[in-house]
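Visitor: this is a predicted model, with the sequence first.
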Amino acid sequence: MTSNSTERITSKENTSSPSFVKLAMKNMVKKGSQSLFHFGLTAIGFIVFIVFLAVLGRPNLPL
């Protein structure tokens, strides 16, 4: 295999379809407020879950 054919293969791989991250970013820009709303719900749900685990796992200290 020559270096010329290797260059063609690597350049072909670099110009493939856009990555999932780029597509997700395009989608977020297109659906701005809905994406922010869903992100907010996810963040609040995660915080509630962490607090719930903290309450369940707290030690019982004798007073």
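Guide: Now that the structure is in, tell me what you want to look at. Residues are numbered from 1 along each chain as shown.
Visitor: going by C-alpha atoms from here, please, whenever you check contacts or count neighbours.
Guide: OK.
Visitor: the lengthiest helix in the chain: how far from the chain's middle?
Guide: Ranked by residue count, the top helix of the chain under DSSP state H comes out as helix 32-56. Put simply, helix 32-56 sits 15 Å off its chain's centre (C-alpha atoms, centre = their mean, to the nearest Å).
Visitor: and it, what's its mean pLDDT?
Guide: Across helix 32-56, the average pLDDT comes to 93.
Visitor: from the centroid of the chain, which residue is nearest?
Guide: Geometric centre of the chain, nearest residue: Val21, 8.0 Å, by C-alpha atoms, centre = their mean.
Visitor: how much space separates that one from Asn27?
Guide: 10 Å (C-alpha to C-alpha, to the nearest Å).
Visitor: look up how far Pro62 lies from Ala43.
Guide: Applying C-alpha to C-alpha to Ala43 and Pro62 gives a distance of 35 Å.
Visitor: next: Lys31.
Guide: Between Lys31 and Pro62 the distance is 53 Å, computed by C-alpha to C-alpha.
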